Every structure is written in structure tokens, then in C-alpha cells.
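# generate coordinates for the sequence data below:
(chains A and B)
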Amino acid sequence: ILNVEQSPQSLHVQEGDSTNFTCSFPSSNFYALHWYRWETAKSPEALFVMTLNGDEKKKGRISATLNTKEGYSYLYIKGSQPEDSATYLCAFTSGSARQLTFGSGTQLTVLP
Amino acid sequence: GAVVSQHPSRVICKSGTSVKIECRSLDFQATTMFWYRQFPKQSLMLMATSNEGSKATYEQGVEKDKFLINHASLTLSTLTVTSAHPEDSSFYICSARNTDTGLAYEQYFGPGTRLTVT
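Numbering: from 1, shown residues only, chains lettered A, B, ... in the order given. I've put the predicted structure just below:
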């Protein structure tokens, strides 16, 4: 059974604050690590797919890093805005099973 | 591009009845679609992989006779919850893999269906 853990489970930040959260995953048989952004009543939206150790990806104010040797990824949001409020999911794909195994998500609320 | 729709978004049914949920890829072809289930405060759990023109592959612990999957075309997969019971109440969400891009890990998600069995 593959275990993908996300922390924290939820957090509240003030508008303008920067924040980050963690995804840990099995370090063996790694294929890809995904980050999704999921707003209520909408489809999960893919933010990043990372495949190489040391990968860093950036989209606007959001960025992510990947450490496959120790099995963790960080998602950073710089200068949080209320529209960043969502649940952020990470998902792991192993080399043997090309399926997504999800963490339970981090629910972010950005207060105006 | 890469839009996936799901219908209905919300359904309430009586215990013992069957409910069908549709998952459509609107602007791409999807040989493979996936069905997930989410209980409150838990992660999305893969139930089954749906393959166009062939039988679905179910994850361990998922009853194939209870959760019937049909993937009859390259843009449509359906999940039928048969003889539903209150414990089947959950959030069901599908995803589709773009056949044209062929990326093994890239999936596009629908918005999900909230099923409540009374």
C-alpha cells in the first residue's frame, strides 16, 4: 500500500502572507509527483507534474520543489490572495503502476 | 482544452435503487478513464480503471458487481451503483487520460458527483 501524506491538513493565512505545505511519498520506485488545486464544486486542476529529483516548477506565485531521494515535495504560495483558497492535493505515481495515489489534501483559506 | 464533465453533480436515491453516473471527455478522446471515491476528510481512492471496449479493472476491495463500469466510446464512461445502500453515500469523481498525448500519468478530472442514499 502506497502512503502519501500531506501536512498540514488545513491552514488559514492572511492575504499577502506566503505559505507552504508538504507532501511526503514513497522514495522507492518513483515515477512522478503531481500537485492539483481543487476549488469547491469544480474539477481538480493540475498545477505541476514533476519527474526528476531536484525539479522546481513555477506558475505565477505558486512554485513546487521535489526531492525523490527523501520522498517529499513542497508547494509554495507567495503573497497569498483570497482566490488561492482551495484544497491542494498531491498525488504520487509509481513506476510499476501508472495510477495516481492521492494524499488527503491541504485545505488553504486566505483571509482578506 | 481537456475538459471532463460529470453528470449528475448531485443525486439522492432510495436504498435498493440503482444510480448511473456519466463521465465525458468533451474535447479529447480518452481510451482510459478512472473512477475514484472520496469519503469525508479522506483522500481520493481509486476504485477502477475503465478501458474503452474492454472490461474495467477494479481495485482490491471494490465489488465489480456492485459498481458496474461501462466504457462504450472514446468519450464516455459510466459508473452504475447497483442496489445502493446508505454506506454507498460518498463523493464519486472520474478522470480521463488523453489518448492523443499518450502521457501515462496525465489525467483530467471531472467535477464529481455527490451521491446520497436514503
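
# can you confirm whether stretch B:65-82 lies near chain A?
No: applying CB under 8 Å from any CB of the partner chain, one finds stretch B:65-82 out of contact with chain A, separated by at least 15.2 Å. No exception for glycine: its C-beta is placed from N, CA and C like everyone else's.

# so what's the residue positioned nearest the centre of chain B up against?
Geometric centre of chain B, nearest residue: B:Trp35, 3.4 Å, by CA atoms, centre = their mean. By CB atoms under 8 Å, 6 or more residues apart in numbering or on different chains, B:Trp35 lies in contact with B:Cys23, B:Leu46, B:Met47, B:Ala48, B:Ser50, B:Phe67, B:Ile69, B:Ser77, B:Leu79, B:Tyr92, B:Ile93, B:Cys94.

# any idea what A:Thr109 is bridged to?
Beta-bridge partners of A:Thr109, counted by DSSP bridges, are A:His12.

# tell me which parts of chain B are close to chain A?
Residues of chain B that fall close to chain A, judged by CB under 8 Å from any CB: B:4, B:9, B:34, B:36, B:41-46, B:49, B:93, B:95, B:104-112.

# how about low-confidence regions in the chain?
In the absence of a named chain, this looks at chain A. A:1, A:96-97 (pLDDT under 70).

# please refer instead to chain B.
Within chain B, the stretches with pLDDT under 70 are B:1, B:102-105.

# residues touching residue 41, list them.
In the absence of a named chain, chain A is used. Contacts of A:Ala41 by CB under 8 Å, 6+ apart are B:Ser9, B:Pro111.

# my question was about chain B, not that one.
Contacts of B:Lys41 by CB under 8 Å, 6+ apart are A:Gln9, A:Ser104.
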